[in-house]
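>>> Structure of the sequence below:
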Amino acid sequence: MIKRLPSKLIYSLLVVAIVFMASCSQNYTPLPRGYFRIELPERNYIMSDTTFPYYFEYPEYAKLQGSPHNPNQKYWINIEYPQFKATVHLSYKSIDDNLITYLEDAYTLVSKHIPKAEEINDSLIVDNDRNIYGLTYKIEGNGAASPYQFFVTDSASHFLRGALYFNIIPNNDSLEPVIDFITSDIEHLINTLKWNDDAN
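Predicted coordinates for the structure are as follows:
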């Protein structure tokens, strides 16, 4: 004779079976996007051409080249980072009662990145010993085309502006280690920069 199981027992077994089946199902949790590890070179610096109105130390793993888009500007140069597809564009102008115009131009060029920037942090440069004054701009934001810009001047004769650009679609999350690395090189450039009044 077959005995009927109590309804409470059937209910308990049913609950256990449902819990068991639910625990066996696989829950998919997406992992955060990963990026390739970027190998950064060892830092070693060399001096730029001292016949220019300015000179500085730059990394030996970078190349100095004239500006291909401004061949008539002999003191405009690019610091190329081929391994990172990055360029620091340097544009030099001599001052002739037009410093305000150059300052406004530098501000305008930084302002163009506001639509893509999450934040723009500026830092003042004041070095009385080397007669160097200016600003650096760290432009935060995943789609910002130029993550770092600066200008320096002696406020009387020399004005030098620099901007970092990558020759790829901006994705500053993945480029952050490279941006930080090149930013340190630019800061070294600024810290070793000297004016050469004999070149003018």
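>>> is residue 165 in a bridge, and if so with what?
Residue 165 has these beta-bridge partners by DSSP bridges: residue 87.
>>> does it really touch residue 89, like I thought?
Yes. The criterion here is Cβ atoms under 8 Å, and residue 165 meets it with residue 89 at 6.6 Å. Using the backbone N, CA and C atoms, a C-beta is placed for each residue, glycine as well.
>>> Neighbours of residue 49, how many?
13 (other Cβ atoms under 10 Å).
>>> which residues sit in contact with it?
55, 64 (Cβ atoms under 8 Å, 6 or more residues apart in numbering).
>>> at 10 Å what do you get?
55, 56, 64, 75, 77, 196, 199 (Cβ atoms under 10 Å, 6 or more residues apart in numbering).
>>> how close does the third one get to residue 120?
Between residue 64 and residue 120 the computed distance is 28 Å (Cβ to Cβ, to the nearest Å).
>>> so the closest residue to residue 124 other than its chain neighbours is in which element?
Spatial nearest neighbour of residue 124, excluding adjacent residues (Cβ to Cβ, 6 or more residues apart in numbering): residue 135 at 6.2 Å. Assessed by DSSP states H and E, residue 135 sits inside strand 132-140.
>>> Just checking: what are the partner strands of that strand?
strand 119-127 (antiparallel), strand 148-153 (antiparallel).
>>> what about residue 102, neighbour count?
Neighbours of residue 102 under the rule other Cβ under 10 Å: 17.
>>> ugh, wrong one, I meant residue 164
By other Cβ under 10 Å, 23 other residues sit near residue 164.
>>> Residue 50 too?
Residue 50: 12 neighbours (other Cβ under 10 Å).
>>> do the same with residue 63
13.
>>> Any idea what the closest residue to residue 63 other than its chain neighbours is bridged to?
Among residues not flanking residue 63 along the chain, residue 80 sits closest, at 4.5 Å (Cβ to Cβ, 6+ apart). Under DSSP bridges, the beta-bridge partners of residue 80 are residue 63, residue 87.
>>> what angle sits between the longest helix seen in the chain and strand 148-153?
Looking across the chain with DSSP state H, the single longest helix is helix 172-192. For helix 172-192 against strand 148-153, the angle by axes from the mean of the first three to the mean of the last three Cα atoms, to 10 degrees is 20 degrees.
>>> just to revisit the earlier point, overlap in contacts of residue 165 and residue 89?
With Cβ under 10 Å, 6+ apart as the test, residue 165 and residue 89 both reach 78, 146, 149.
>>> Right, I'll call it a day here.
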